[in-house]
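Asks: Got a predicted model here, sequence first, then my questions.
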Amino acid sequence: MGKGIFITATGTDIGKTYVSALLVKQLRQWGSNCGYYKPVLSGAIVDGDEIIADDAQIVCTTAGLKGNPLDRVSYAFEPAVSPHLAAQMEGKHIVLEKIIEDFTVHANRNDFTVVEGAGGIITPLDLDIKLFMYDLPDVLGLDVIIVADAGLGTINTTYLTVDFLKRSMINVKGIILNNFDIEDVMHRDNLQVIERICEVKVLGTVKTNGTRIDFIDGALEKIYE
Ligand SMILES: Nc1ncnc2c1ncn2[C@@H]1O[C@H](COP(=O)(O)OP(=O)(O)OP(=O)(O)O)[C@@H](O)[C@H]1O
Ligand SMILES: [Mg+2]
């Protein structure tokens with residue numbers, strides 16, 4: 001089976017999809033035939049009979065991945081709420097075995113697969129069976145990258161996410177700071193403080209409207225390792 005990475009964030013709407021799209025694009029430019037897989041998506045757009053998995057569509061467009069974006073998603077729910085509630089509202093159950101099976105198909109097709117979570121790492125998937133987002137990296141055998149905002153409040157949310165993952169014995173490969181402005185003294189300080197107190201490397205930064213991840217110290221190769 002191919003290798004991969006699990007992309008989480010300090011919360012919802014922080015930039016997992018934006019950063020995943022750039023990561024897939026840059027890994028492909030570098031020579032990998034990197035793919036993308038999203039286990040659970042809520043807030044899918046329904047247009048007549050068609051379900052549009054927006055996150056997968058954005059990644060496919062940015063990174064030039066072919067095929068129907070929906071094939072890269074195991075569960076696409078219409079309500080824009082937490083996956084556990086979205087599944088409940090649609091009378092469905094999120095089944096871990098299906099996620100493992102679907103991931104395996106992608107992992108066998110590609111030498112590397114970028115897997116995007118939904119929301120943050122403690123997002124519930126099914127409360128009855130106590131299935132949470134943090135169960136996925138472990139069962140899929142993946143290390144994690146945390147996407148965090150570069151701005152105010154990020155030290156707190158990033159530390160909490162790193163600390164939770166470490167306590168859960170999930171390996172954090174590094175952090176990518178989104179909406180990073182090199183001219184902003186607080187952004188530069190946040191980067192340093194996060195590395196110091198979390199004891200995890202910042203692998204790269206992405207500017208607002210950036211078209212690439214600016215990797216630090218050859219981190220792209222380290223992600224692929
Ligand atoms: N660096 C950036 N520059 C410009 N816009 C950005 C950037 N990062 C994220 N955005 C925008 O912010 C919004 C949220 O980003 P994104 O969809 O990537 O978050 P997410 O963490 O994937 O959210 P979800 O939890 O819903 O999957 C989107 O409209 C996206 O285009
Ligand atoms: Mg997303």
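Replies: Happy to help now that I have it. Ligands and ions are numbered 1, 2, ... in the order given.

Asks: contacts and neighbour counts: CA atoms only from here.
Replies: OK.

Asks: all strands for this protein, in order.
Replies: In the chain, the segments counted as strands under DSSP state E are 3-9, 35-42, 45-47, 50-52, 73-77, 112-116, 124-126, 131-132, 143-149, 172-178, 202-206, 214-215.

Asks: Ok, which of these comes nearest Cys60?
Replies: Cys60 sits nearest to strand 35-42 of all the strands of the chain, at 8.1 Å, using C-alpha to C-alpha.

Asks: Just the buried residues of the closest one, please?
Replies: Of all the residues in strand 35-42, those buried under the rule 16 or more other C-alpha atoms under 10 Å are Gly35, Tyr36, Tyr37, Lys38, Pro39, Val40, Leu41, Ser42.

Asks: Turn those residues into a markdown table, columns for distance to Glu195.
Replies: Output for the buried residues of strand 35-42, formatted as a markdown table (distance: C-alpha to C-alpha, whole Å):
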| residue | distance to Glu195 |
| --- | --- |
| Gly35 | 29 |
| Tyr36 | 28 |
| Tyr37 | 28 |
| Lys38 | 28 |
| Pro39 | 29 |
| Val40 | 30 |
| Leu41 | 30 |
| Ser42 | 32 |
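
Asks: Now the two most distant members of those.
Replies: Within these, Gly35 and Ser42 form the most distant pair, 20.6 Å apart (C-alpha to C-alpha).

Asks: residue contacts, Ile45?
Replies: Ile51, Ile52, Ala53, Asp54, Glu78 (C-alpha atoms under 8 Å, 6 or more residues apart in numbering).

Asks: Just the pLDDT for the third one.
Replies: Looking back up the chat, that one is Ala53. You'll see Ala53 listed with a pLDDT of 94.

Asks: Just to check, it is in contact with Ala76?
Replies: Yes. The pair Ala53 / Ala76 is scored as a contact, 6.6 Å apart, by C-alpha atoms under 8 Å.
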